[in-house]
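**Student:** sequence first, predicted model second:
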Amino acid sequence: MITIPKVNHDKLTHLMLRSAVIGLLFIISFSLNACQSDEIIFDTIPPTAEKDPVQFGVPFDNVPLTKDIAMYEVNIFGFSGSQDLQGVTERLDEIQALGVNVVWLMPIHPIGVERGIGSPYAISDFEKVNPSFGTLEDLRELVQGAHDRDMAVILDWVGNHTSWDNVWMKNTDWYTKDGTGTIISPENWTDVADLNYENQEMREAMLKAMKYWVLEANVDGFRCDYAGGVPTDFWKTAITELRSIPDRDIIMFAESTKKELYSAGFDLTFGWDFYGALKKVYEDGTDVRGLYPVNLADNNSTPDQTDILRFTTNHDDTAWDDTPIALFDGLRGSMAAFVITSYMGGVPLIYSGQEVGNTEKLPFFSSNQTIIDWTRNPELASEYASLIKFRLSSDAIKRGSIQSYGDNPDVLIFKRSYEDQEVLVIVNTRNQQKEVPVPTELVNSEWQNAIENAPYQVGQTIELPAYGYLIL
């Protein structure tokens, strides 16, 4: 039989405590010495933090450089009879056929009801898909379908405000308040509440929501609504964080004319000044040569590797102003205007229905919709495609210097040059035939008609039909 000796529990406890204290002192001493040493460093364990979602899918590896972009804007409500993401997915082949390489989706999020007017820019949840549009899976399918067709996808992002029933409303300090402590709206927009960018928690939540869509839906960037209303330092932080996501090329596009946004990392701003000047040429018959200084000012204010979006319409203008058909005097006038915006400088945009000559205003509020008739003017879509595809093939148009031949108040003549490439563009901005004297240095020069793919020799004059154009 084995005899188990009697244990003195008090003594054992004392010995155990003594050993523990000695061990703890040893660890503390060792740690302090290690901190003073260059050889051993103990890392502290960071506090538990909410992790970003895991990247869904494979990041798109063919996001175009800024100057190579040709963009298409989708108004989901008016795009198809189903008025949803699936309706967009079903027309991706037609969008691709235009030659564009970036698809901009207007806001996909749930729309607020409280004080609402149906605007998709009154968002009630930044991390949800509007259920009337479909599901996250539907968005993923759309994005993958675009990627399969070599098109990037960017989301419209509203960083300045939310709906009055947004899930963030429980955090009242995240919103701007007046002197009485009442949350306020941005000026003239009573359906939304203004966000307070002095609140760091709100900033972090906004950035988290932006990351969510890059990771969960595999999108390639954002068009940032009213970007000038958000502090530039937030955008700088957000863009840096988004571009730190592994294996991602992120397009950042600001709805603003503020040039300081380029310093925050934006690739594109809006060309409102050029759009306004171009409208005056058509509406008031102003001298077309007035476009040259506006174009030059845009170019001079745009840093290398960035650009300005040029357009003859977008969702705001088609809803509040009018269609290109109305603003630019019919189908032919609108095409001449598109050539100017696409070839004189900047990145071109086609808005939903523009390519078929849509003549109805296209509202973007959920309660008042016009569905695009895609059977109209099939030849017009082909013309848009020819213009976009040649532009994409030409570094002279995308990156070249511009030389203007500004001797005619009605007809634009300019040459774009890049390395050994030259492209000559001539556009009649009037609804009557024009015979234009050719600048001396161009007389008897030989070119290739870029659209018709046929030789063209320039004579003493060039005759253009009403709203006609030549790209050589």
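**Tutor:** Ah, there it is.

**Student:** rest of the way, CA atoms for contacts and neighbours
**Tutor:** Fine.

**Student:** how far away is Asn171 from Thr66?
**Tutor:** Asn171 is 37 Å from Thr66, where distance means Cα to Cα, to the nearest Å.

**Student:** again with Val129
**Tutor:** Taking Cα to Cα, one finds Val129 at 28 Å from Thr66.

**Student:** same question for Asp220.
**Tutor:** 13 Å.

**Student:** neighbour-wise, which of those two wins?
**Tutor:** Neighbours were counted for Asp220 and for Thr66 using other Cα atoms under 10 Å; Asp220 has more, 27 against 20.

**Student:** report the contact partners of that one.
**Tutor:** Residues near Asp220 by Cα atoms under 8 Å, 6 or more residues apart in numbering: 60, 63, 152-154, 214, 248-251.

**Student:** ok, now with 10 Å
**Tutor:** 59-61, 63, 102-104, 143, 147, 151-155, 213-214, 248-252 (Cα atoms under 10 Å, 6 or more residues apart in numbering).

**Student:** of the residues you listed, which belong to helices?
**Tutor:** Among the contacts of Asp220, the members found in helices (DSSP state H) are 143, 147, 213-214.

**Student:** so which pair among those is furthest apart in space?
**Tutor:** His147 and Trp213 (15.4 Å; Cα to Cα).

**Student:** so what strands line up beside the helix or strand harbouring Ile308?
**Tutor:** Element membership of Ile308 [criterion: DSSP states H and E] is strand 307-310. Using DSSP bridges, strand 307-310 pairs in its sheet with strand 268-270 (parallel), strand 347-351 (parallel).

**Student:** in JSON lines, list those strands along with distance to Leu242.
**Tutor:** What follows is the strands paired with strand 307-310, written out as JSON lines (distance: least, Cα to Cα, whole Å):
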{"stretch": "strand 268-270", "distance to Leu242": "16"}
{"stretch": "strand 347-351", "distance to Leu242": "23"}
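
**Student:** could you count how many residues lie near Leu380?
**Tutor:** Other residues lying near Leu380 total 17 when counted by other Cα under 10 Å.

**Student:** these two touch, right, it and Phe338?
**Tutor:** No - contact criterion Cα atoms under 10 Å: Leu380 and Phe338 do not qualify, at 11.9 Å.

**Student:** what do these two both touch?
**Tutor:** Arg332.

**Student:** mind showing which ranges of the chain have poor pLDDT?
**Tutor:** By pLDDT under 70, the weakly predicted segments of the chain are 1-52, 367-368.

**Student:** what segments of the stretch 251-400 of the chain are helices?
**Tutor:** 272-283, 291-300, 315-316, 324-327, 330-343, 378-393, 395-399 (DSSP state H, counting those that start in this stretch).

**Student:** can you add distance to Asn358 and give these back as CSV?
**Tutor:** Shown next, in CSV, are the helices of the stretch 251-400 of the chain (distance: least, Cα to Cα, whole Å):
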stretch, distance to Asn358
helix 272-283, 18
helix 291-300, 26
helix 315-316, 13
helix 324-327, 7
helix 330-343, 10
helix 378-393, 11
helix 395-399, 27
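
**Student:** can you say which of those is nearest to Thr162?
**Tutor:** helix 315-316 (18.7 Å).

**Student:** name the residues of stretch 269-284 that are buried.
**Tutor:** 269-272, 274-275, 277-282 (16 or more other Cα atoms under 10 Å).

**Student:** for the stretch 51-200 of the chain, what spans make up the strands?
**Tutor:** Remark: strands assigned in the stretch 51-200 of the chain by DSSP state E, counting those that start in this stretch are 71-74, 102-105, 152-158, 161-163, 192-194.

**Student:** tabulate the ones you listed (a markdown table), appending mean neighbour count.
**Tutor:** Listed next are the strands of the stretch 51-200 of the chain as a markdown table, based on neighbours: other Cα atoms under 10 Å:
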| stretch | mean neighbour count |
| --- | --- |
| strand 71-74 | 24 |
| strand 102-105 | 23 |
| strand 152-158 | 24 |
| strand 161-163 | 26 |
| strand 192-194 | 25 |
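
**Student:** of all the ones you listed, which lies closest to Thr461?
**Tutor:** strand 71-74 (35.1 Å).

**Student:** output the contacting helices and strands for the closest one.
**Tutor:** Strand 71-74 is packed against helix 92-97, strand 102-105, strand 152-158, strand 347-351, with contacts defined by 3 or more Cα pairs under 10 Å, 6 or more residues apart in numbering; DSSP states H and E.

**Student:** which other helices and strands contact the longest one?
**Tutor:** It refers to strand 152-158. strand 71-74, strand 102-105, helix 136-148, helix 200-216, strand 221-225, strand 251-254.

**Student:** can you list the strands that it pairs with?
**Tutor:** strand 102-105 (parallel), strand 221-225 (parallel).

**Student:** wait, which of the strands of the stretch 51-200 of the chain is closest to Ala450?
**Tutor:** strand 71-74 (21.1 Å).

**Student:** C-alpha coordinates for the closest one, CSV please?
**Tutor:** Written as CSV, here are the backbone C-alpha positions of strand 71-74 (Å, rounded to 0.1, in the frame of the first residue of the first chain):
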residue,chain,number,x,y,z
MET,A,71,-18.8,56.4,-69.3
TYR,A,72,-22.5,55.3,-69.4
GLU,A,73,-24.9,56.5,-66.7
VAL,A,74,-27.8,54.2,-65.8
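
**Student:** now what about that strand, what contacts it?
**Tutor:** 88, 95-96, 98-107, 151-156, 309, 311, 314-315, 347-354, 388.

**Student:** can I get the buried residues of stretch 269-284 in JSON lines with distance to Asn300?
**Tutor:** Output for the buried residues of stretch 269-284, formatted as JSON lines (distance: Cα to Cα, whole Å):
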{"residue": "Thr269", "distance to Asn300": "14"}
{"residue": "Phe270", "distance to Asn300": "15"}
{"residue": "Gly271", "distance to Asn300": "13"}
{"residue": "Trp272", "distance to Asn300": "16"}
{"residue": "Phe274", "distance to Asn300": "14"}
{"residue": "Tyr275", "distance to Asn300": "17"}
{"residue": "Ala277", "distance to Asn300": "17"}
{"residue": "Leu278", "distance to Asn300": "19"}
{"residue": "Lys279", "distance to Asn300": "22"}
{"residue": "Lys280", "distance to Asn300": "22"}
{"residue": "Val281", "distance to Asn300": "22"}
{"residue": "Tyr282", "distance to Asn300": "25"}
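
**Student:** closest to Ile471 among those residues?
**Tutor:** Closest to Ile471, out of all of the buried residues of stretch 269-284 and judged by Cα to Cα, is Leu278, at 19.2 Å.

**Student:** quick one: residues contacting that closest one.
**Tutor:** 272, 285-288, 290-291, 294, 311-312, 328, 337, 340-341, 429.

**Student:** how far away is it from Gly333?
**Tutor:** 12 Å.

**Student:** what do you get for Val443?
**Tutor:** Taken as Cα to Cα, the span from Val443 to Gly333 is 27 Å.

**Student:** those two - which one has more neighbours?
**Tutor:** For Val443 versus Gly333, neighbours defined as other Cα under 10 Å are more numerous around Gly333 (22 against 14).

**Student:** my read: the more buried one touches Gly357, true?
**Tutor:** No - with contact defined as Cα under 10 Å, Gly333 and Gly357 do not form a contacting pair (11.2 Å).
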